[in-house]
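1. heads up, no residue letters with this:
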């Protein structure tokens, strides 16, 4: 809204300049009555008129010294031509006119006739270049990202139906500049809805380089391997294998054959993910501050109950393994493939099969649509998921809000670690 207001002010000032230009032309016309015919023809020359207009505009927008330099060039040009014409007297008359124009500029007042100091160079405001799109599927996910955006502003694009509303905001970049972000909320869940929304976002913002799908997912635990054991409240980020669309299959008599196409995420974002991971290993956990900030803003507490049950015996709890890399009461970040389909998974046997077949660490319902749409449009993508359940019969919403917050917090911290020129 602020930039639009500046544009309106600029338009009003330009209208005032037109009136002032007419006054200048009147001033020149009065002075021209003293000139011989040859000099009149000189002032009718388009190049001289352009120099007069340039001098006038510089006098408005810049300091008077620059205006005088422009007028000095005008004097030299006209004096040379006048000498060839009517001699030194004609040249003197032209110099007098140039001097009168300079005096006019000195006495020039803005359209409201209020005295003011000479204006510095005017930087015409430009629209921010939005380079990152963020898509969420649930209201809790949208609210979590919104809570961590700077200077959020609503914007609606023209068009019928859903998919035209955005929240535009900023995230500080590593180099002291900003990333400009367009946040969108799906009208419905699922891979098809996500693909259509991503395609529309890329159409609305042609400068978007990558789309990040941010939200919740079911986690895939691995009690036998503590280093790969995903728990509630953790974060899973897609690796170079991207998203596995596990319902894209060819059905045969003996078994289904998976045919999901390879859609690797953005190399720029993957590099940032790996550098972020390196900082984590070096003890940098400052991203927890964004978790705390969003939790305070949204009045969310981290749940305490984290029960894992056996895949083969649904009523038998399983003890979580000890994990030296885990900070008590804090999320841990995992990087790996993410399973995606138009299915809500509450089957731990199927969950474990996906883990053993593809090495996936989370299961969700939108990532493959984002991957397909960005691949088709020549953009990059990344999937960031907070873990809300274990894809088993105990699946519930107890961790949903917190899981949305940790995904949003990681995304904010990740983007802050990237220089803005990376996306130029």
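-> Yes, it's here. All values derive from a computational prediction rather than experimental measurement.
2. let me see the contact set for the residue nearest to residue 164 when sequence neighbours are not counted.
-> With C-beta to C-beta, 6 or more residues apart in numbering as the criterion, residue 164 has its nearest non-adjacent residue at 4.4 Å, and that residue is residue 157. For the C-beta atoms, the positions are set from N, CA and C on the backbone; glycine is no exception. Residues touching residue 157, when contacts are defined by C-beta atoms under 8 Å, 6 or more residues apart in numbering, comprise 164-166, 204.
3. go on, residue 249?
-> Taking C-beta under 8 Å, 6+ apart as the contact definition, residue 249 lies against 256-259.
4. counting only strands, which of those make the cut?
-> For the contacts of residue 249, membership in strands holds for 256-258, with DSSP state E as the criterion.
5. residue 241: which of those residues is nearest?
-> Each of the ones in strands among the contacts of residue 249 was scored against residue 241 by C-beta to C-beta, and residue 258 proved nearest at 13.0 Å.
6. so what's that closest one closest to, chain neighbours aside?
-> Leaving out its chain neighbours, residue 258 is closest to residue 249 (C-beta to C-beta, 6+ apart), at 5.4 Å.
7. how close does the one you found sit to residue 257?
-> Here residue 249 is placed at a distance of 6 Å from residue 257 (C-beta to C-beta, to the nearest Å).
8. ditto for residue 307
-> Using C-beta to C-beta, which is the criterion applied here, residue 307 is 35 Å from residue 257.
9. among the ones in strands among the contacts of residue 249, who's most crowded?
-> Greatest neighbour count in the ones in strands among the contacts of residue 249, by other C-beta atoms under 10 Å, goes to residue 258: 14 neighbours.
10. isn't that residue right next to residue 247, touching?
-> No. With contact defined as C-beta atoms under 8 Å, residue 258 and residue 247 do not form a contacting pair (9.1 Å).
11. on that earlier part again, mind putting the ones in strands among the contacts of residue 249 in JSON lines, pLDDT and distance to residue 279 included?
-> Listed next are the ones in strands among the contacts of residue 249 as JSON lines, based on pLDDT from 0 to 100; distance: C-beta to C-beta, whole Å:
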{"residue": "256", "pLDDT": "82", "distance to residue 279": "41"}
{"residue": "257", "pLDDT": "85", "distance to residue 279": "40"}
{"residue": "258", "pLDDT": "86", "distance to residue 279": "35"}
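12. out of those, the closest to residue 216 would be?
-> When those are compared for distance to residue 216 (C-beta to C-beta), residue 258 comes out closest, at 24.2 Å.
13. pull the contacting residues for that closest one.
-> So residue 258 contacts 244, 246, 248-249, 357 (C-beta under 8 Å, 6+ apart).
14. by neighbours, which of these wins?
-> Neighbour counts for the contacts of residue 258, by other C-beta under 10 Å, peak at residue 244, which reaches 26 neighbours.
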